[in-house]
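J.: Give me the fold of what follows.
(2 chains)
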Amino acid sequence: MATERRSPDLGKLPLPHGVVPLGFAVAAIAWSVYSAVFTVPAESVGVIQRFGDYVAEVDPGLHFKFPFGIDRVTLVPVKRQLKEEFGFSTPGATFRDQSAPPSQWALETTMVTGDLNTALVEWIIQFRIEKPFDFLFNVRDPGDTLRDVSESVMREVIGDRTVDEVLTIGRQDIEATAQVKLQEVVNKYAMGLRIDQIQLKNVNPPEPVQASFDRVNEAQQERERMINVARGEYNKAVPRARGEADQRVQAAEGYAIQRVNEAEGDVRRFDALLLEYLKAPDVTKRRIYLETLDDVLPRIKSKVIVDESAASVLPLLQLQTSGAPTKRSELEAAQ
Amino acid sequence: MRNMATAIGVIVLVALGIVASEALYTVDETERVIITQFGKPIGNVIDEAGLKIKIPLINEVNRIEKRILVWDGSANDMPTKDKLYITVDTFGRWRIKDPLQYFLRLRDERSAQSRLEDILGSETRNAVAKHELIEIIRTSKDRSPEVDPMLADVDITTLLPITKGRKRIEADILDAASGKLAEFGIELLDIRFKRINYNESVRQKIYARMISERDQIAERFRSEGAGEAARINGNKERDLQEITSKAYRQIQTIRGDADAKATDIYARSYDQSREAAELYEFLKTLETYQAVIDSNTILVLTTDSDLMSLFKHIKLQR
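T.: Alright, predicted model coming up:
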């Protein structure tokens, strides 16, 4: 840099001998310092190779290395959470290559289930570079490898499940199983990656079949509705019937109490009367008889008194229930 | 003179630089090197990374990849044993195990890839043709699926049985291909099915089957709903009958007990002595008169009656 600042002067001024070599020397020193210093950002580690040979791994901060391309540093973002998307792409993705081009999506998502149905599965994997050495030196194209393996593992897991498990109840199980299997393969290749998570995103039946799955849902609703209506009918009738039955039982209990009480009352009255009756039975009997007649006879409008010897005329008397016979009976009474 | 010397110096330096850069080379951590002399490999394979020396201009550096490499097969249509046309996309991992052999037979990676494609492609085809589709879809033989409690009675959501499974078939392909690739210095680490999909011609049939399966489930749900509703209605009828009849039984028992008790009370009192029985009969008879006789009653009395006997007597006495 120092030389460049001086260079416009070169042609004009007669320079003393030694200035040009000095300029070169300064430039050389500047370049060597510049190429000997490097910074490792907080999220990464630096892997140093000397003439291609692995030397060391350095932590974040300012570091020195041999200049002029003797040492080469590769920064590996070990702390960054990395992501791969399958079958879709988040707009404004942070990393390039974290999803396939849209033309590939249909192929990525279409899977055959263990009951030979088809499901469309979208998913993501989240991972980190755990061992930078393995990541850099064990597998070429670790990104592509991870995508291939992930697709293969996901199909293996889906292939062992029914379409209903895939679409509804088995999601968590699929995520967990796929994560374990993916980690196994990644370890087998020593890719230096750690799989943090696999998440299923949209999981759908294929478009032409979608409507029939919806119909199943409708039928399921319909079933619930029918059952609920029937339960409603039940709940409308049964508790009410129970209450009414209780009501009738209570009424019967009332009757029972009344019946016994009345019986006891009647008996007490009779016993009292009997006590007195026993003292003078005949008189009491006669009295009660006459009292009763006294009470009863005035109610009767038609009374016929016939001499016992003339009892045979009885059939001749036209006994009628209406008002007219009253007169006749009076006549006869007067006779 | 001085300029001349400088010029010579510069030329020598440049020449030395060229020689040095021709004599020195680096080996990366990710590669191995085979040195060839006029196209013929000489010396051992250089396996260690770092700065190395060779004879300039005469020796040539051939770099051989040390890392695990990808073979990504192209997707091919092929029939399974059960005559289903499917599209199979496989991939494999391989590495160069014997660099010298590899170098002699194949020279570069492009020819290695095309050899892999030939061998693995045909082995895959063979394996797929020998097995039914489900064998390359499923992996575990004994997994029993989780069943949605709502679908518990629907018998179609079962996993189809297998005898070998995907892993074993992958292993078969690996075994068959490994031998053929070994002579090229290639070690095949694994081969896996990446994608298996129904061919376009089969797909419509599969969809039709899926639709009919779903419709069957839907019908089942409806019928279950109706059945369950009928059952609940039946329960309702039964419970209602039970409730009313139980109540009836209870009521009759209560009333009966009460009547019995009352009867007992009456009997004990009215039957305590002959006089009591007599009095009761007398009173009850009179009570009956009270009840029976009303204004519409026509009373015919003869003079012989208790009441009127007196009446006649008095008349006679006068």
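J.: what does stretch A:31-39 rub up against?
T.: A:46, A:61-69, A:73 (C-beta atoms under 8 Å, 6 or more residues apart in numbering or on different chains). Where you see a C-beta, it was placed from the backbone N, CA and C, and this is true even at glycine.
J.: are any of those residues buried, and which?
T.: A:46, A:63, A:65 (16 or more other C-beta atoms under 10 Å in any protein chain shown).
J.: pretty sure the first one contacts A:Glu57?
T.: If I follow you right, that is A:Gly46. Yes. Taking C-beta atoms under 8 Å as the definition, A:Gly46 is a contact partner of A:Glu57 at 7.1 Å.
J.: Quick check: what element follows the biggest helix by length in chain B along the chain?
T.: When chain B is parsed with DSSP state H, its longest helix is helix B:200-270. As assigned by DSSP states H and E, the chain's next helix or strand after helix B:200-270 is helix B:274-292.
J.: any idea of the angle that following helix forms with helix B:200-270?
T.: 120 degrees (axes from the mean of the first three to the mean of the last three C-alpha atoms, to 10 degrees).
J.: Run the contact check for helix B:274-292 versus chain A.
T.: Yes. Shown here: helix B:274-292 in contact with chain A (C-beta under 8 Å from any C-beta of the partner chain) through B:275-276, B:279-280, B:282-283, B:286, B:289-290.
J.: just stretch B:117-126 next, same as before
T.: No. Stretch B:117-126 stays clear of chain A (C-beta under 8 Å from any C-beta), getting no nearer than 13.5 Å.
J.: got the buried residues for that stretch?
T.: Neighbour-count burial for stretch B:117-126 [16+ other C-beta under 10 Å]: B:119-121, B:123-124.
J.: Reformat the residues you listed as a markdown table; add pLDDT, distance to A:Glu224 and secondary structure.
T.: Shown next, in a markdown table, are the buried residues of stretch B:117-126 (pLDDT from 0 to 100; distance: C-beta to C-beta, whole Å; DSSP: H, G, I helix; E, B strand; the rest coil):
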| residue | pLDDT | distance to A:Glu224 | secondary structure |
| --- | --- | --- | --- |
| B:Ile119 | 92 | 57 | helix |
| B:Leu120 | 92 | 52 | helix |
| B:Gly121 | 91 | 52 | helix |
| B:Glu123 | 91 | 52 | helix |
| B:Thr124 | 92 | 48 | helix |
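J.: which outside residues touch stretch A:164-178?
T.: Under C-beta under 8 Å, 6+ apart, the answer for stretch A:164-178 is A:111, A:113, A:119, A:121, A:123, A:153-154, A:157-158, A:161-162, A:197-200, A:203-205, A:213, B:145-148, B:151, B:157.
J.: Dump the buried ones among the contacts of stretch A:31-39 to JSON lines, plus distance to chain B.
T.: Converted to JSON lines, the buried ones among the contacts of stretch A:31-39 look like this (distance: C-beta to the nearest C-beta, whole Å):
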{"residue": "A:Gly46", "distance to chain B": "15"}
{"residue": "A:His63", "distance to chain B": "19"}
{"residue": "A:Lys65", "distance to chain B": "15"}
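J.: nearest to B:Gln113, of those residues?
T.: Of all these, B:Gln113 sits closest to A:Gly46, with 33.1 Å by C-beta to C-beta.
J.: Remind me which helix or strand that closest one belongs to.
T.: strand A:45-50.
J.: contacting residues around that strand?
T.: A:38, A:40, A:54-60, A:63, A:65-66, A:70-76, A:78, A:132-133, A:136, B:28-29, B:49-51.
J.: how near is B:Trp71 to B:Met210?
T.: In this structure, B:Trp71 and B:Met210 are 34 Å apart, going by C-beta to C-beta, to the nearest Å.
J.: again but with B:Ile251, I slipped
T.: B:Ile251 is 61 Å from B:Met210, by C-beta to C-beta.
J.: go on, A:Phe66?
T.: Applying C-beta to C-beta, the value for A:Phe66 to B:Met210 is 64 Å.
J.: got it, and A:Leu275?
T.: A:Leu275 is 98 Å from B:Met210, by C-beta to C-beta.
J.: Those two: which is more packed in?
T.: Comparing A:Leu275 with B:Met210 by other C-beta atoms under 10 Å in any protein chain shown, the one with more neighbours is B:Met210, at 23 against 9.
J.: show me what contacts the nearest residue to that one once chain neighbours are set aside?
T.: Once flanking residues are discounted, B:Met210 sits nearest to A:Val209: 4.7 Å by C-beta to C-beta, 6 or more residues apart in numbering or on different chains. Contacts for A:Val209 (C-beta under 8 Å, 6+ apart) come out as A:118, B:207, B:210-211, B:214.
J.: pLDDT and distance to B:Val12 for those - can I get that in JSON lines?
T.: Putting the contacts of A:Val209 into JSON lines (pLDDT from 0 to 100; distance: C-beta to C-beta, whole Å) gives the following:
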{"residue": "A:Thr118", "pLDDT": "90", "distance to B:Val12": "74"}
{"residue": "B:Tyr207", "pLDDT": "90", "distance to B:Val12": "79"}
{"residue": "B:Met210", "pLDDT": "88", "distance to B:Val12": "81"}
{"residue": "B:Ile211", "pLDDT": "91", "distance to B:Val12": "85"}
{"residue": "B:Arg214", "pLDDT": "88", "distance to B:Val12": "86"}
